[in-house]
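Asks: what shape does this take:
(one chain, ligands or ions: 1)
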Amino acid sequence: MPDNLSEAMLASQAAMVEFIARNFKPVVDDIDSVTAQREKIRQASKQAGFFYKTQPKEFGGNPAGIFELTMLRELLAAANSPYTSAVFGPGPGLLHATEGVLRRNYLEPVMRGEKRGAFGFTEPDSAQRPTYAVSKGDDLLVTGQKSYVTGGATADFVSVLVNAEQADGVKLGTAMVVIDRESEGVTIDRVFSTMEGGGHVSMQFNQVRVPMEHVIGKIGEGMPRALGSIGNVRLMVAAQATGICQWVLQYIEDYLQAPHRSGTPLGDREGIRLRFADMRIETYVARSALYRTARLAETAENIVNETIATKVFCTETAGRVVDCALQLLGGQALVTGHPLEQLYRQVRSLRLVEGASDLLRLNLVKGKLELGLGRV
Ligand SMILES: Cc1cc2nc3c(=O)[nH]c(=O)nc-3n(C[C@H](O)[C@H](O)[C@H](O)COP(=O)(O)OP(=O)(O)OC[C@H]3O[C@@H](n4cnc5c(N)ncnc54)[C@H](O)[C@@H]3O)c2cc1C
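Replies: Below you'll find the predicted structure:
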């Protein structure tokens with residue numbers, strides 16, 4: 001059940017509700033004002049303590065558990081504001097617990113807000129061979145391509161999944177390696193944006209020399225590390241989806257009770273009530289799944305399959321809820337810039353990002369049939 005929160009969680013929830021009400025002013029259509037407002041929110045978030053909830057203690061943070069973060073992310077998404085991403089400070093992500101060069105040159109600057117990383121996992125369908133790294137002395141020589149690197153145009157470095165091998169071709173396993181964007185042999189061959197507003201690049205790596213110290217963890221751990229990081233992000237995406245559902249439910253409730261040109265508010269009509277009921281039922285179930293999985297995430301158990309189930313269900317629910325809201329509102333909701341038009345584009349990408357729904361379904365069944373994993 002979504003509710004049944006501890007005293008501490010209730011206090012955190014109330015503080016975030018108050019923070020949003022106080023700081024998320026109506027959006028102005030002026031880039032300077034938006035930038036200034038984001039900076040104000042960052043400062044206010046530091047003061048309120050939210051900024052530090054995604055940061056480890058050793059970097060001055062006060063990290064919250066996954067359950068609390070999920071609840072707060074859902075609340076933020078339910079505010080449907082462009083300022084949401086200014087609230088939490090940068091987290092360590094894949095660089096978590098790195099030492100030596102990786103810590104000094106990447107993790108620490110990231111935590112200070114001086115550097116920004118991107119994630120290179122997806123490859124183009126046309127790739128002749130997945131990105132590979134050949135060991136040569138103290139270095140790896142990386143060759144290949146990544147087709148969908150969000151924020152890659154401005155990132156200082158990219159964490160890239162590679163297949164590592166010895167010079168004689170003997171396979172060593174997968175590895176996550178940190179590559180400076182400015183390294184020799186790195187080129188950006190395409191800059192593009194997507195319908196929900198994201199900015200991305202596709203990158204080529206041509207014999208890029210990467211020091212062995214830039215391997216995150218060990219060679220052989222690449223795929224589990226990448227998937228571990230994706231697992232956390234899938235829960236974030238699910239929280240975003242159910243937060244969006246909540247914003248839409250409130251928007252539609254207000255609309256159904258407002259005067260309508262027919263002389264009768266739409267909310268008085270049974271056919272409309274049935275649609276609204278479905279939106280509420282699906283959102284209720286999605287939130288229940290989200291909170292159950294977020295609670296499980298606080299334990300040491302393997303919850304890969306539960307996270308997949310939650311991500312698929314919550315994002316597909318958000319797609320149906322926004323679609324139904326658009327239908328109930330009519331043509332005005334299709335006008336460019338209308339909040340539902342914007343959300344329609346946003347929720348569409350959620351079913352692909354961090355794993356297409358059908359691929360996740362296949363992974364979930366593999367987890368059950370071949371590994372005996374996953375609850376219902
Ligand atoms: C907004 C956004 C941001 C992104 N950011 C990043 C990023 O920062 N870094 C990164 O690496 N990637 C990123 N991606 C890419 C994203 O991870 C991929 O788009 C996603 O994993 C799907 O992969 P794909 O696009 O290659 O589609 P595919 O995997 O090729 O899938 C296409 C279709 O084929 C189906 N399909 C594929 N294989 C099978 C099969 N075996 N059986 C049945 N059906 C199958 C899928 O279900 C899907 O419907 C981003 C994507 C989006 C939309």
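Asks: which one is residue 334 nearest to, not counting chain neighbours?
Replies: residue 341 (5.9 Å; Cβ to Cβ, 6 or more residues apart in numbering). From N, CA and C alone the C-beta is placed, and that goes for glycine too.
Asks: can you tell me the element the one you found falls in?
Replies: Applying DSSP states H and E as the criterion places residue 341 in helix 339-350.
Asks: for the ligand, give me its nearest residue in the stretch 251-376 of the chain.
Replies: Nearest residue of the stretch 251-376 of the chain to the ligand: residue 358, at 3.2 Å (Cβ to the nearest ligand atom).
Asks: which parts of whichever helix or strand that residue is part of are buried?
Replies: Taking DSSP H and E as the criterion, the element that holds residue 358 is helix 357-371. Using 16 or more other Cβ atoms under 10 Å as the test for burial, helix 357-371 gives 357, 360, 363-364, 367.
Asks: and the contacts of it?
Replies: 304-305, 308-309, 311-312, 315-316, 351, 355, 373-374 (Cβ atoms under 8 Å, 6 or more residues apart in numbering).
Asks: what angle separates that helix from helix 339-350?
Replies: Helix 357-371 and helix 339-350 meet at an angle of 40 degrees, taking axes from the mean of the first three to the mean of the last three Cα atoms, to 10 degrees as the criterion.
Asks: ok, back up a step: from the contacts of helix 357-371, which two are the most distant?
Replies: Distances among these were taken as Cβ to Cβ; the most separated pair is 351 and 373, at 23.0 Å.
Asks: related to what we said a few turns ago, what's the farthest-apart pair in the buried residues of helix 357-371?
Replies: Maximum pairwise distance in the buried residues of helix 357-371, criterion Cβ to Cβ, is 15.4 Å, between 357 and 367.
Asks: before we move on, what SS does residue 182 have?
Replies: Secondary structure assignment for residue 182 (DSSP: H, G, I helix; E, B strand; the rest coil): coil.
Asks: burial count for it?
Replies: Using other Cβ atoms under 10 Å, residue 182 is surrounded by 8 other residues.
Asks: and the gap between it and residue 25?
Replies: Residue 182 is 38 Å from residue 25, where distance means Cβ to Cβ, to the nearest Å.
Asks: just residue 5 next, same as before
Replies: 28 Å.
Asks: looking at these two, which has the bigger crowd around it?
Replies: More crowded of residue 5 and residue 25, by other Cβ under 10 Å: residue 5, with 16 against 12.
Asks: ok, now which ones touch the more buried one?
Replies: Neighbouring residues of residue 5 by Cβ under 8 Å, 6+ apart: 13, 71.
Asks: got the phi and psi for it?
Replies: Dihedral pair for residue 5: phi -90, psi 150, per degrees, to the nearest 10.
Asks: equivalent analysis for residue 187, please.
Replies: Torsion angles, degrees, to the nearest 10, at residue 187: phi -130, psi 150.
Asks: and the stretch 101-250 of the chain, which residues reach the ligand?
Replies: Residues of the stretch 101-250 of the chain found near the ligand (Cβ under 6 Å from any ligand atom) are 119-122, 146, 148-150, 194, 198.
Asks: ok, back up a step: list the contacts of the helix holding residue 341.
Replies: Applying Cβ under 8 Å, 6+ apart, the contact partners of helix 339-350 are 80, 194-198, 237, 240-241, 244, 247-248, 251, 315, 318-319, 322-323, 325-326, 329, 333-335.
Asks: do stretch 213-226 as well
Replies: 94-95, 98, 100-102, 121, 140, 159, 161-162, 164, 172-179.
Asks: list buried residues within these.
Replies: 94-95, 98, 102, 121, 140, 159, 161-162, 164, 172, 174-179.
Asks: I figured residue 135 hits residue 169, correct?
Replies: No: assessed by Cβ atoms under 8 Å, residue 135 is found out of contact with residue 169, at 10.9 Å.
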